[in-house]
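Visitor: here are the coordinates; sequence isn't available:
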């Protein structure tokens, strides 16, 4: 149980284009999902908290107009990197919290999406 | 404010020998503590979680961790390392937020290398 998927697993795009990444909780409902960014050989940095049916909460320093988050259902959150530039190249990981499960503060992580902007 | 310190950025062991990955935490309240493992280019997999029910927590793949409040530590151990254990390990603390929900704070990670 508690499986989270991400799509795509990797994407290469040209500078200036937009990229959408999907995060799905496959076997549980997640009212809260999280988006992280991870640079090579570094820890995870929380970008934003996504709540179903409401606006996302962004961490300090994260541009909300550049990283658009939509959490339209209890099993799907999307992150859109708008007008991507090479400095946006990174490993993006989502997680979901199973609010109905025994461990309500446990986050289950997706496999990550490798974004490369040329 | 909560924080997590992983004392070793790299640990190297021989296959079949014990593993010790060290973690110290700082939290205002009684936190939940986690260990996650990340294999190259993969997401994070939950190894185990401490929730105050028991100080010795058993996880998957033979790993366990002991919560020591007096030392503010939550070290991860395994009696016998296997080649497949080679990965990055993250110690994580979770604190509940005043307005609801929780926030995870990650350690900087420990790269475990297992040699033949």
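Guide: On my side now, so go ahead. Keep in mind that what you see is a predicted model, and the values were worked out from it rather than measured. Numbers count the residues shown, from 1 in each chain, chains lettered A, B, ... in the order given.
Visitor: strands along chain A, start to end?
Guide: Taking DSSP state E to define them, one finds strands in chain A at A:4-7, A:10-13, A:19-25, A:32-38, A:44-51, A:57-58, A:67-73, A:76-81, A:90-97, A:107-109, A:113-117.
Visitor: those into CSV, with extra columns for mean pLDDT?
Guide: Below are the strands of chain A laid out as CSV (pLDDT from 0 to 100):
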stretch, mean pLDDT
strand A:4-7, 95
strand A:10-13, 96
strand A:19-25, 96
strand A:32-38, 93
strand A:44-51, 90
strand A:57-58, 92
strand A:67-73, 92
strand A:76-81, 96
strand A:90-97, 93
strand A:107-109, 89
strand A:113-117, 96
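Visitor: Serialize the ones you listed to JSON lines and add fields for distance to residue B:29.
Guide: All C-beta atoms are positioned from the backbone trio N, CA, C, and that covers glycine. Below are these laid out as JSON lines (distance: least, CB to CB, whole Å):
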{"stretch": "strand A:4-7", "distance to residue B:29": "27"}
{"stretch": "strand A:10-13", "distance to residue B:29": "39"}
{"stretch": "strand A:19-25", "distance to residue B:29": "27"}
{"stretch": "strand A:32-38", "distance to residue B:29": "20"}
{"stretch": "strand A:44-51", "distance to residue B:29": "19"}
{"stretch": "strand A:57-58", "distance to residue B:29": "21"}
{"stretch": "strand A:67-73", "distance to residue B:29": "28"}
{"stretch": "strand A:76-81", "distance to residue B:29": "28"}
{"stretch": "strand A:90-97", "distance to residue B:29": "18"}
{"stretch": "strand A:107-109", "distance to residue B:29": "18"}
{"stretch": "strand A:113-117", "distance to residue B:29": "34"}
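Visitor: export the ones you listed to CSV and tack on distance to chain B and mean neighbour count?
Guide: Converted to CSV, those look like this (distance: least, CB to the nearest CB, whole Å; neighbours: other CB atoms under 10 Å in any protein chain shown):
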stretch, distance to chain B, mean neighbour count
strand A:4-7, 7, 18
strand A:10-13, 9, 14
strand A:19-25, 10, 20
strand A:32-38, 6, 24
strand A:44-51, 5, 21
strand A:57-58, 9, 18
strand A:67-73, 13, 17
strand A:76-81, 14, 21
strand A:90-97, 6, 25
strand A:107-109, 4, 24
strand A:113-117, 7, 18
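Visitor: tell me which of the ones you listed approaches residue B:8 most closely.
Guide: Nearest of the strands of chain A to residue B:8, taken as CB to CB: strand A:44-51 at 18.5 Å.
Visitor: give the pairing partners of that closest one; include direction for each.
Guide: Applying DSSP bridges, strand A:44-51 is found paired with strand A:32-38 (antiparallel), strand A:57-58 (antiparallel).
Visitor: closest one to residue B:26 among the strands of chain A?
Guide: Closest approach to residue B:26 among the strands of chain A is made by strand A:44-51 (17.8 Å; CB to CB).
Visitor: report the angle between that closest one and strand A:67-73.
Guide: In terms of direction (axes from the mean of the first three to the mean of the last three CA atoms, to 10 degrees), strand A:44-51 departs from strand A:67-73 by 40 degrees.
Visitor: list the contacts of strand A:44-51.
Guide: The contact list for strand A:44-51, computed with CB atoms under 8 Å, 6 or more residues apart in numbering or on different chains, reads A:31-39, A:56-59, A:62, A:64, A:67, A:69-71, A:77, A:79, A:93, B:44, B:90, B:101, B:103-104, B:106.
Visitor: endpoint to endpoint, stretch B:38-49 covers what distance?
Guide: Length of stretch B:38-49, first residue to last, CA to CA, to the nearest Å: 16 Å.
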